[in-house]
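Visitor: Sequence and predicted structure are below.
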Amino acid sequence: MLKLNRRVNKLQYLDTNNKGKMLLVFYTKKSGRAEMSARSCLVIFLFYFEAAFICINGQQTYTAAVYGHKPFLNPDPHAIIDRQSALKLMKKNLDIYEEQVKIASKQGVQIIVFPEDGLHGFKYTRESIYPFLEPVPDPTKVKWNPCLQPSLHSGNEVLKRLSCIARNGNMYVVANMPTKQDCNKTDPKCPADGRYQYNTNVAFSDNGTLVARYHKQNLYKEMEFNTPPEVEHVIFETPFAGKFGMFICFDLLFYEPAVSLIEKYNVSQIVFPTAWMNASPFLSGVQFQRGFASAFSINLLAANLHIPQQRMTSSGLYTPDDSFYYYDVESQEGKLTVAEIPVNPVSHNKSVDACKTSDHSQFTPCKKLSRCNAKRSVDISQVVFPMIKEDRNNPPTFHSIIHHDNFALIPLKKPAGELEVCSQSLCCHVSYHGKFSENELYALGAYDGFHKSNTYYIQVCTLLKCANASFASCGAHTTIAHSTIDFVIWGNHSTQHVFPEILGSDVIPFLPDGMGWKNKIYTMCKSDMSSGLLSANLYGRWYEKDNSL
């Protein structure tokens, strides 16, 4: 039965399918948001409003957890040890995993994710990692429950323990472990020692069945491991949220397999074990993971190691509208983060139309590295905070190395206004109105080129706080800011893949008020932040350029 209530401008859909349980859907035309109530629902298409809402087995949300793990580490990862010694170390970490699953089970968690390198650690050689390796059969070819069928395969002590942890906890478990796979001379890519060694994710269902295996594609200084012969796009199904995709750490920065998994395979739930080292001002874990989830309107379940002295502090669950994370550079303790996650991660954020800017059609790129004239679009009639003092010996634009790259920057020397700066074909523009704290310097920056000159191609617009009042400090690490700034930032990126990032004082990620494309310009805006601004970035990845060197 379909009923339109014109007084409240809502479409009401009543369904008595599925054993007589009733489904009620409210679709508000003004907000474009579907609201549902009931314990059971199907895929509903509201053709009148051109909208759809999906529920899995009657659930609008599911309960997920990630564990920021303080691991027991090998004190000498280059030393060669025997299998029993390797198992002894991994057992210490497995005991922690098991305890966290027990805690999560009491909170109704349906899926939990553990970090990359969480069982064995890192900085091994190819030879020293060998005692930690286990063979893992391909779950697309072999159905195996290691907990219930321990004798079916041998040499899988860790795999069997993880399977039993999942089964006893009655939840899906995703973990990372080092694995091996024999090969022979008929394989032209087979290593000289006759085996592939992989950085591997494994996933188990709530009854302990091995349901997924993924080998890391983009290794980061991991000489002990091999890149798989072919890119793997790994998906596993769950009864509570449909299909999940998985990849590992450094994969997040590349098209394969991370972006292609989302764009080509329509995956909106991602599990992400990582050993992420924070790299300000663009790649702090909570910052980029938040931006990644926002850019693709997905749910990202990111589990990181918690080793503050190694800059590993960022674990979290990110939906298009919320962030649930653990970031603590002082505590040495691991932490379980649990949250209710929407089955259908549709963003309810405002679109780019919420951002008030100058007419983008009149946005003329700068020539070379210079300041451009721009129309004013912010109200600066009431500015009461002192402006940053201008050093007349400095030019309008300057350069600074930010995260290894040579940025062109222009300082914010007034409490409000508009600025623009360019790097090659990329021009970045900001309209701002700020309440600046004395001696806090901000700058608008642009970089268009290969990161570190030869790795991957980026196009970045940034509005960032410098570490102190000198131009030379722009790009240096800083975590505290007192100046609050209302801003609109945009750039003429050549890539469609732009990640919106806003980071507040004490490394707090914020969601934009509006973001998106308009007239081939990517725009992001934010007002009324509750803390000082550390950085606002449009971090573009031009994947097609990566192989052009």
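Guide: Okay, I see it.
Visitor: what's the burial count for the closest residue to Gly475 other than its chain neighbours?
Guide: Spatial nearest neighbour of Gly475, chain neighbours left out: Ile402 (3.3 Å); criterion: Cβ to Cβ, 6 or more residues apart in numbering. Where you see a C-beta, it was placed from the backbone N, CA and C, and this is true even at glycine. Neighbourhood size, Ile402 [other Cβ atoms under 10 Å]: 22.
Visitor: what do you get for the one 4 residues further on?
Guide: Burial of Asn406, expressed as a neighbour count using other Cβ under 10 Å, amounts to 12.
Visitor: Run through the residues that contact the nearest residue to it once chain neighbours are set aside.
Guide: The shortest distance from Asn406 to any non-neighbouring residue, by Cβ to Cβ, 6+ apart, is to His399 (5.7 Å). For His399, the contact set (Cβ atoms under 8 Å, 6 or more residues apart in numbering) comprises 406-409.
Visitor: Now for the residue nearest to Gly475: which residues touch it?
Guide: By Cβ under 8 Å, 6+ apart, the contact set of Ile402 is 281-282, 445, 447, 462, 464, 474-475.
Visitor: I'd guess the residue nearest to Asn406 is in a strand, am I close?
Guide: Yes: the assignment for His399 by DSSP: H, G, I helix; E, B strand; the rest coil puts it in a strand.
Visitor: Can you read off the pLDDT for it?
Guide: Listed pLDDT for His399 reads 95.
Visitor: What's opposite it in the beta bridge?
Guide: Ala408 (DSSP bridges).
Visitor: Wait, Phe204 touches Lys160, no?
Guide: No: Phe204 is beyond contact range of Lys160, at 10.5 Å (criterion: Cβ atoms under 8 Å).
Visitor: Inside strands: which ones of the contacts of Ile402?
Guide: Among those, DSSP state E puts 445, 447, 462, 464 in strands.
Visitor: Widest-spaced pair of those?
Guide: Greatest spacing in these, by Cβ to Cβ: Tyr447 and Leu464 (11.8 Å).
Visitor: gap between Gly108 and Tyr62?
Guide: Distance of Gly108 to Tyr62, given as Cβ to Cβ, to the nearest Å: 9 Å.
Visitor: Between the two, point out the one with more neighbours.
Guide: Ranked by neighbour count (other Cβ under 10 Å), Gly108 and Tyr62 place Tyr62 first, with 24 against 13.
Visitor: just the helices in the protein please.
Guide: Secondary structure of the chain (DSSP state H): helices at 83-106, 157-169, 260-265, 285-296.
Visitor: low-scoring stretches of this structure, by residue?
Guide: Within the chain, the stretches with pLDDT under 70 are 1-58, 349, 357-395, 548-549.
Visitor: Distance of Met515 relative to Ile458?
Guide: Applying Cβ to Cβ to Met515 and Ile458 gives a distance of 18 Å.
Visitor: out of the two, which sits in the more crowded spot?
Guide: Using other Cβ under 10 Å, the more surrounded residue of Met515 and Ile458 is Met515, with 27 against 21.
Visitor: Just to check, the more buried one is in contact with Ser297?
Guide: No: with contact defined as Cβ under 8 Å, Met515 does not count as touching Ser297 (10.7 Å).
Visitor: follow-up on the earlier one: which of the ones in strands among the contacts of Ile402 lies closest to Gly491?
Guide: Ranked by distance to Gly491 (Cβ to Cβ), the ones in strands among the contacts of Ile402 are led by Thr462 at 9.8 Å.
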